[in-house]
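> quick one: sequence plus predicted model below, questions after.
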Amino acid sequence: MPVARCGSTDMRASPSFLLLPFTAALILAPSAHAQVSVSPSSVNVNAQGVTTAILSFSGVSEFTPAEALFCGEVVAATPAIGVRCAPGTVYGQLPARYERSSTGAFDMLTDVMTVPASVARRAYQAAASGSNSAFYYVRRFRNDGGVDQYASVTLRLSGGGARTPLALTDVKLAFLPEEPVHYVANGDVPSDLEATIRYTGSGRLTGRWEIVYPGEPVPTSQDLLPQASVSPTSATPSVAIPSWHDSTCFFRPPVVS
Amino acid sequence: MWCRPLPVLLLGVGLAIPVGAPLHAQQDSTPILKVTACWPSDRFRDADELIELTLDRALNAGETLALVIGTLDVTHLTDGNGTRVRYRPNKSALGAGESPIAVYVVRNAKWSQVASLSIKVRNRLGLDEGRVLPTVDVNSAGQLAQGGNAAPTGGRERYQDLTLRVGAESNLTRDAWRIALQANTVGVSREDQRLQYETLQGGAPQLDLSDYKAELTRGMSKVQIGNLSASNQKMLLDGFSSRGIGGTVQVGPRATVNANVMNGTNAVGWSNALGISRSEHRLTSAALSLEMIPSRPGGFHVAVTGLDGSVLPIANFNQGSVTDAEQSTGYGGQLGLSNPSERIKFTGGLARSRFTNPVDRLVAGDSTIVAVQPVTRTARYGEMTVQVLKEHRIRDSLRMDLSAVVRHERVDPLYRSLGASTQADLQSNAVELNGTIGALALAGRFGRTNDNLAGIASILTSRTNQSALTAAMPLSAVIGLKGAWYLPQLALSREGTHQFGDGVPANGEFAESDIPGQANVNTTAALDWTRNTTTLNYRWNSSAQDNRQVGREMADIDGTVHALSLGYAPTEAVNVSLETSRERQRFAETDATQQLHRIGAIARWKVTPLTDLSTNISRASSEDPAAGVTSNNTELQFEASRAFTLYRMIDNQPQGRVFIRFARVLASQTPQFAGAILSRDLRWTLNAGGSVRFY
């Protein structure tokens, strides 16, 4: 981190010191704008599958979030600020179907970083060929009329267990034997219901089965998000197991707490 | 002519004896009459087909023969000569299905039954069995009113949604041929509950096809269209369900050939009804299974499977997942062995799969991205089970069983087959012991897992050790006081997991603090008492998470749960249960303790055979010192329902039911120590609906 001591007579004594205030000005000038930063700045990810992690970008009030790329190397984004993906090392972008970033309070952007298995596979193959196994998630923040900024997260290849963010990456609900819609006649007992859950990380998975009664909000794709990314107002009040009656019911799997 | 003796009933003494043996206690010295049917008794025949009986001797003077089919005496329509009796019914004479045939000898106006036969007659369509069962249900669920400050505004305050289900199931059989058809459609008035709303949104059909299946079977061979399931090799094609076309042919007593073409994911809807129209989202498989010892299935079983497939980034209908465009081609073999007593069993398999990710436009975007290199990788598994002791006698009334299982599994890095769910780059070995000593059941499992099998220096290698011990025993049986209700059923379990990184990888941006190190122990004890109509259950759980990661050594979490439930069902019409639990989690790093208390009750009263009342109420209270907040959540539901029958019972059940339900949820947050309420959200709803089943 450069330190400028402006106004010192010593600075004029040497040509190199003459340059220093100018250089420092160049570097520090953009900091007059909000500096986009991200937390966490590094994450262990599953080398053989999917990983999702919640990222918080701060200092984004003057920016509009743009594309997010995965890549094997980064280079200085000059004239923009930060680092961007080096050409020829891009593993892919965050697919639009998983774009769930949302702006919150305190100039924060909450981003759900979803690393598709195909991106992890590219990173693994690069590591197997001798490259650095780490790769990067780089999101661009557009500043209309100003300088864009980039914020990057370092992704380290691991087994996807402990020290990787806890997240459900694949949830499949099925009555056995598996059928798309299970019909139960009045008075009959439904067949066994099974949830197959794939996850990364480690933690305590607790919850209970919920049956969505007629008239209550039906499950949405938001139900797959980690609890931290679901605002309290969007969560459906849980209900107890009901007596059976003749209606269409939806099932939610146990939720993370 | 197909003529063979058939069983007959000897009336009077009530013994069944075969025709051919003395069959009637004829009073005189007249020789016994044997009657033989000239048709195979297990096969259906056309309604107008000739019925012919053979007698072992001609009738004597004074004797006549009477033939009764069902309740119809057709004696006067029979003809014959000597030892032959024939009857050709007209098409409407005999009802479809199985009918009894009784043959009598009439002597001196006295009828004596000499044979009891049966005949199976095809229906008017020429089918052995023809059955069509339609299903038509209409459900209505709606909201009559809602209130409270947390009730959604601007939405639907009052509504009535309709769901229509139309289905059919049929079974058509003739000789060895069988056609089974089954289909279900669902119509929904509310847009966001339509089957394909998640993918088609407003374009989702109001009446949609949820599933269907058509199956043509002859003996052990069959052809199927519709919703299928394929499972031939654990690592290649395992429990894959989807729409498609498939068939199985039995070749001789040992071999079975199976082939399927299926949609890439389990789908619903009218479009792509066969499931095979999109080559980029389709799986094709073929398998040959050999049962080398047909008399002992599983004794020596060999299967070879091939799979070729491609999928688009689409999830199954009942699945939420992160998807990719994928292609795989592979083959595998599976072997199953067991000894004649089945005390030693082995199953194992090996699969090779070539996998790649084709370009996915949504992943590539406008960039030129690094291509995924197609690679061929191997997966294997093996499992050996040995029943060491079986019913081993320790003393007179005490027996012991003991079995051991050894498991091995290795899946290469980057291994993937579209037909199976495997975790790549993982090797695991485990030993399992299961045993019983009298009423005491014990089990133990010990396993080790490691990843980064290619040993890439820049990738983290993790190792996992797991152990589990369980015990279950009815204390009354163990102590020897059978029927002592106060001695509960006891269940204990302890699971331990230790996962840790194998050093700091070089050239991978890892610091020592990024290396995992965690040991978890989970212990549970449960006690169950049952006395007549009352059950009592107590469960205790303790979990400990010991973080050993550098820099996070203090980030340990301990949790304890106490849960008590009481159930009381004095009659079949009344059922009451009470539950309470107390959970505590302590975070060592911050010395904070979160607590959750829950208490609830559920009651159901079947007031009359047609009327049900039920209610449940629960209150959950949590304390979070880190946030300085206490949260309370109170839920109440009351439901009344009444069954009715409009014109006939269906499957011995009333035809319909109406219900009304009141639900109230109150959620509040208060500062943990003092201060005004932070939030208080109340919502109540009054819902009502009904259903009618027409078929």
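In hand now; what should we look at? Residues are numbered from 1 along each chain as shown, chains lettered A, B, ... in the order given.
> which intervals of the stretch 151-257 of chain A have sub-threshold pLDDT?
For the stretch 151-257 of chain A, applying pLDDT under 70 flags the ranges A:186-187, A:205-210, A:212-257.
> ranges for the helices of the chain?
You didn't say which chain, so I picked chain A. A:10-13, A:15-28, A:117-128 (DSSP state H).
> oops, wrong one, chain B.
Going by DSSP H, chain B shows helices at B:197-200, B:361-364, B:475-479.
> which one of those helices lies nearest to chain A?
helix B:361-364 (3.9 Å; C-beta to the nearest C-beta). C-betas here are computed from N, CA, C, even on glycine.
> name the helices or strands packed onto the closest one?
Applying 3 or more C-beta pairs under 8 Å, 6 or more residues apart in numbering or on different chains; DSSP states H and E, one finds that helix B:361-364 contacts strand A:90-93.
> in its sheet, which strands sit next to the strand it packs on, and in what direction?
When pairing is defined by DSSP bridges, strand A:90-93 lines up against strand A:64-71 (antiparallel).
> count of neighbours near residue B:550?
Residues lying near residue B:550 (other C-beta atoms under 10 Å in any protein chain shown) number 13.
> retrieve the pLDDT associated with it.
The per-residue pLDDT reported for residue B:550 equals 92.
> list phi and psi for it.
phi -60, psi 130 (degrees, to the nearest 10).
> my guess is it contacts residue B:510. True?
No. Checked against C-beta atoms under 8 Å, the pair residue B:550 and residue B:510 is beyond contact range at 11.2 Å.
> quickly note the distance from residue B:197 to residue A:174.
19 Å (C-beta to C-beta, to the nearest Å).
> so for these two, which sits in the more crowded spot?
Legend: neighbour count by other C-beta under 10 Å for residue B:197 and residue A:174, higher for residue A:174 (22 against 19).
> residue contacts, the more buried one?
Taking C-beta atoms under 8 Å, 6 or more residues apart in numbering or on different chains, we find residue A:174 in contact with A:193-194, A:196, B:318.
> neighbour-wise, give me the winner out of those residues.
Highest count within those by other C-beta under 10 Å belongs to residue B:318, 21 neighbours.
> can you tell me, leaving aside adjacent residues, what's nearest to that one?
Nearest residue to residue B:318 in three dimensions, chain neighbours excluded: residue A:173, at 5.2 Å (C-beta to C-beta, 6 or more residues apart in numbering or on different chains).
> what about the one you found, how many residues nearby?
21.
> surely it and residue A:195 touch.
Yes. Counting by C-beta under 8 Å, residue A:173 does reach residue A:195; the two are 5.3 Å apart.
> now the helices of chain B in CSV, with distance to residue A:43 and mean pLDDT?
Below are the helices of chain B laid out as CSV (distance: least, C-beta to C-beta, whole Å; pLDDT from 0 to 100):
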stretch, distance to residue A:43, mean pLDDT
helix B:197-200, 29, 85
helix B:361-364, 19, 90
helix B:475-479, 50, 85
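> ok, which of the ones you listed comes nearest residue B:577?
Relative to residue B:577, the nearest member of these by C-beta to C-beta is helix B:475-479, separated by 23.3 Å.
> show me what the closest one is in contact with.
Contacts for helix B:475-479 (C-beta under 8 Å, 6+ apart): B:438-440, B:482-485, B:487-490.
> of those residues, buried ones?
Neighbour-count burial (16 or more other C-beta atoms under 10 Å in any protein chain shown) applied to the contacts of helix B:475-479 gives B:438, B:487-490.
> which ones, among those residues, also lie beside chain A?
Among the buried ones among the contacts of helix B:475-479, no residue lies close to chain A (C-beta under 8 Å from any C-beta of the partner chain).
> quick one: which of the residues you listed sit in strands?
Counting by DSSP state E, these place B:489-490 in strands.
> which one of the helices of chain A has the lowest average pLDDT?
Among those, helix A:10-13 scores lowest, at a mean of 32.
> quick one: the strands in the stretch 151-300 of chain B, in order.
Per DSSP state E, counting those that start in this stretch, the stretch 151-300 of chain B carries strands over the ranges B:159-174, B:177-188, B:207-218, B:221-230, B:240-251, B:255-263, B:282-291, B:300-311.
> just the stretch 101-250 of chain A next, same as before
Under DSSP E, counting those that start in this stretch, the stretch 101-250 of chain A gives strands at A:102-103, A:108-115, A:135-142, A:149-158, A:167-175, A:193-200, A:210-212, A:250-252.
> hang on, the earlier thing: looking at the helices of chain B, which is closest to residue B:518?
Nearest to residue B:518, of the helices of chain B and by C-beta to C-beta, is helix B:361-364 at 32.4 Å.
> check which residues of the closest one are buried.
Neighbour-count burial for helix B:361-364, counted by 16+ other C-beta under 10 Å, picks out B:362-364.
> what would the strands of the stretch 151-300 of chain B look like in CSV with distance to residue B:538 and mean pLDDT?
Formatted as CSV, the strands of the stretch 151-300 of chain B follow (distance: least, C-beta to C-beta, whole Å; pLDDT from 0 to 100):
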stretch, distance to residue B:538, mean pLDDT
strand B:159-174, 41, 93
strand B:177-188, 43, 95
strand B:207-218, 43, 95
strand B:221-230, 41, 94
strand B:240-251, 40, 95
strand B:255-263, 48, 96
strand B:282-291, 49, 97
strand B:300-311, 46, 97
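> of these, which is nearest residue A:128?
Across those, closest to residue A:128 is strand B:300-311 (C-beta to C-beta), at 24.3 Å.
> ok so, going back, for the strands of the stretch 151-300 of chain B, give me CSV that also has distance to chain A.
Compiled in CSV, the strands of the stretch 151-300 of chain B are given as follows (distance: least, C-beta to the nearest C-beta, whole Å):
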stretch, distance to chain A
strand B:159-174, 5
strand B:177-188, 6
strand B:207-218, 4
strand B:221-230, 7
strand B:240-251, 5
strand B:255-263, 12
strand B:282-291, 15
strand B:300-311, 12
